[in-house]
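>>> turn this into a model:
(one chain, ligands or ions: 1)
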Amino acid sequence: VNEELRCIGCGALIQSEDKNGLGYLPASALQKKLENDDELYCQRCFRLRHYNEIVPTSLTDDDFLKLLQEIGEQDALIVNVVDIFDFNGSLIPSLHRLTGNNDVLLVANKKDILPHSLKVGKLTAWLKEQAKAQGLHPLDIRVISAMNRDDVTDLMNEIEDYREGRDVYVVGVTNVGKSTLINAIIKNASGEDNIITTSRFPGTTLDKIEIPLDDESKLIDTPGIIHRGQMAHYLEAQDLKLISPKKEIKPKTYQLNSEQTLFFGGLARFDFISGERQGMTAYFDNEIDIHRTKLIGATEFYERHAGELLKPAIADVKLVRREFSLKGKSDIVVSGLGWINVPERAVVAVWAPEGVDVVVRKALI
Ligand code: GDP
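Sure thing, here's the model as predicted:
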């Protein structure tokens, strides 16, 4: 971080280390601007000014708390964007407590990834149950694909109905597709020039992006929040692309005997320790190679083949083992990577990179 240099757009300190952080400007661009005595804009503000394009940023826990507090003091509609494919990884801790009495509309994004046979009604009921378990009682739940124009139009109409003249704050953790959605909203609402304005959250260096909705109210985009248990937090942008599904995932079912192991590239491992031979279905990006092997010797197998036969893999990653004894039919989720549907009465172990959340939940499908 360069102590004296600040972006004149958002006020963030200019830095060249963290691409996703506030105030990022590549070192080469920074040098050029300094040599030419140009105005300093961070990359995000630059792209915003020139291309009307939102570039995702992320912020720290402290800044995030300040931000939620500010939102809690407003009379507003809160739109919380989550990733259906990574519901647990999308949750904002204690959102309901911090946002005061404001109404929350839960927008579940990336529906295009899930098997199309899954009905929206069933999905919505499942999301409602999951949200409730987290203490969230949204006004409504809307399932969308931010990449689908019609979905975005319908969502905007719904927001218009629910907001009742109030401002709208859009919040979400990083990687749920919030920028994609905001960009789509801007495109949809365009026709006028300069419809975006930026301003600062008081008391912070954080920029917020304001899109006027009418003469009195606006839609406000907030920076993404880092959820550390997400796989995305541990991957470079390039690797993240490899594991983020872009189209409908094709579930794969394996008839497994006890003492068999499945590898999901070099990123995760699933051991079926004991239980009757049965079918287990894996929901992961189609590009991730799945390998079956014997449990005995699986660790050596991993050491020999990670990054080659087992790909993609992250360099120098340590897989940590977690064991589960399951009574009912459940999903075991590796946050941001995918999940395995496991039938009842099975003892299993899941190995995932250190720090990445592994959770058991009621089966989605
Ligand atoms: P943000 O960090 O929340 O602003 O997320 P981004 O908008 O940068 O999106 C994160 C990743 O999810 C990108 O690779 C997007 O292309 C992808 N993405 C966003 N929306 C969708 C969607 O509706 N469907 C699919 N399949 N991918 C999406």
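>>> all strands for the stretch 1-150 of the chain, in order.
With strands called from DSSP state E, counting those that start in this stretch, the stretch 1-150 of the chain shows them at 58-59, 76-83, 103-109, 140-143.
>>> any idea which of the ones you listed scores lowest on pLDDT?
Looking over the strands of the stretch 1-150 of the chain, mean pLDDT reaches its minimum on strand 58-59, with a mean of 66.
>>> what's across from the residue in the stretch 201-350 of the chain that the ligand sits nearest to in the sheet?
Distance from the ligand to each residue of the stretch 201-350 of the chain (CB to the nearest ligand atom) is smallest for residue 224, at 4.6 Å. No exception for glycine: its C-beta is placed from N, CA and C like everyone else's. Counting by DSSP bridges, residue 224 forms beta bridges with residue 58.
>>> quick check: it touching residue 170?
No. Applying CB atoms under 8 Å, one finds residue 224 not in contact with residue 170, separated by 10.4 Å.
>>> quick check: mean pLDDT of stretch 316-332?
Stretch 316-332 comes out at a mean pLDDT of 92.
>>> my guess is residue 240 contacts residue 230, does it?
No. Between residue 240 and residue 230 there is no contact under CB under 8 Å: 10.0 Å.
>>> the more surrounded of the two?
Each of residue 240 and residue 230 has its neighbours counted (other CB atoms under 10 Å); residue 230 has more, 25 against 16.
>>> so the more buried one sits right up against residue 86, yeah?
Yes. Taking CB under 8 Å as the definition, residue 230 is a contact partner of residue 86 at 6.7 Å.
>>> quick check: neighbours shared by the two?
175, 335, 336 (CB atoms under 8 Å, 6 or more residues apart in numbering).
>>> the residues you listed in strands, which ones?
Of the shared contacts of residue 230 and residue 86, none are assigned to strands by DSSP state E.
>>> lowest-confidence one in these?
For the shared contacts of residue 230 and residue 86, the pLDDT minimum is residue 175, 84.
>>> need the contact list for the residue nearest to that one when sequence neighbours are not counted.
In this structure, residue 175 finds its nearest non-sequential neighbour in residue 232, 4.4 Å apart by CB to CB, 6 or more residues apart in numbering. For residue 232, the contacting residues are 89, 174, 175, 240, 244, 336, by CB under 8 Å, 6+ apart.
>>> next, residue 232: secondary structure please.
Secondary structure for residue 232, judged by DSSP: H, G, I helix; E, B strand; the rest coil, is helix.
>>> what about residue 301, how many neighbours?
If we define neighbours as other CB under 10 Å, then residue 301 has 18 of them.
>>> quick one, phi psi at it?
phi -60, psi -40 (degrees, to the nearest 10).
>>> mind checking how far it is from residue 271?
Distance, residue 301 to residue 271, using CB to CB, to the nearest Å: 12 Å.
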